[in-house]
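Colleague: Got a predicted structure here, sequence first:
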Amino acid sequence: MTLFERVEAEFRQAMKAGDAARRMVLSLLKSAIHNSAIAQRKKDAALGDDEVQDVILTELKRRRDSAAQYKTAGRSDLVKKEEEEAAVLMRFLPPQLSDAELRALVKGAVAASGAASVKDTGKVLAVLAGQLKGRADMSAVVQIVKEQLSG
């Protein structure tokens with residue numbers, strides 16, 4: 001079953017269960033996937049799992065950014081809503097790496113890239129990009145890379 005088929009199946013389940021919040025998130029996700037297919041001129045052909053995962057990551061980032069802005073504004077009700085939507089989206093991504101696993105991968109990437117200072121953060125991220133896609137929050141990865149390169 002492709003990732004898009006999983007999204008559609010979850011959408012149907014949410015409709016049958018009467019789960020309006022989950023149905024809305026999945027409907028928006030389906031629309032975003034459809035819009036991405038149109039933008040890539042693949043209207044008739046379905047997007048591959050990697051492309052669908054990219055759309056999910058983009059939508060997840062939007063939810064996290066919105067939650068951060070709402071938290072700053074003191075709108076805890078909206079923060080909760082955005083976090084719930086993010087949790088629905090996370091179900092379609094691979095299992096997330098633990099902090100220890102992430103630090104170990106970063107340490108190996110620092111050694112492999114020959115990075116010596118914070119200026120070399122891009123080199124380390126280039127090594128990690130393929131390994132971490134969808135498995136870690138990249139803002140946390142950048143923070144860990146900077147910690148290791150500055151320490």
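Modeller: Received it, and whenever you're ready, just let me know what you need.

Colleague: and the residue nearest the centre of the chain, helix, strand or coil?
Modeller: The C-alpha lying nearest the average C-alpha coordinate of the chain belongs to residue 57 (CA atoms, centre = their mean; 3.0 Å). Put simply, residue 57 is helix when judged by DSSP: H, G, I helix; E, B strand; the rest coil.

Colleague: which residues sit in contact with it?
Modeller: Applying CB atoms under 8 Å, 6 or more residues apart in numbering, one finds that residue 57 lies in contact with 93, 133-134. For the C-beta atoms, the positions are set from N, CA and C on the backbone; glycine is no exception.

Colleague: Check residue 70 too.
Modeller: Going by CB under 8 Å, 6+ apart, residue 70 touches 76, 78-79, 82.

Colleague: One more: residue 145?
Modeller: Listed by CB under 8 Å, 6+ apart, the contact partners of residue 145 are 106, 109-110, 121, 124-125, 128.

Colleague: Residue 84 now?
Modeller: Residue 84 makes contact with residue 21, according to CB under 8 Å, 6+ apart.
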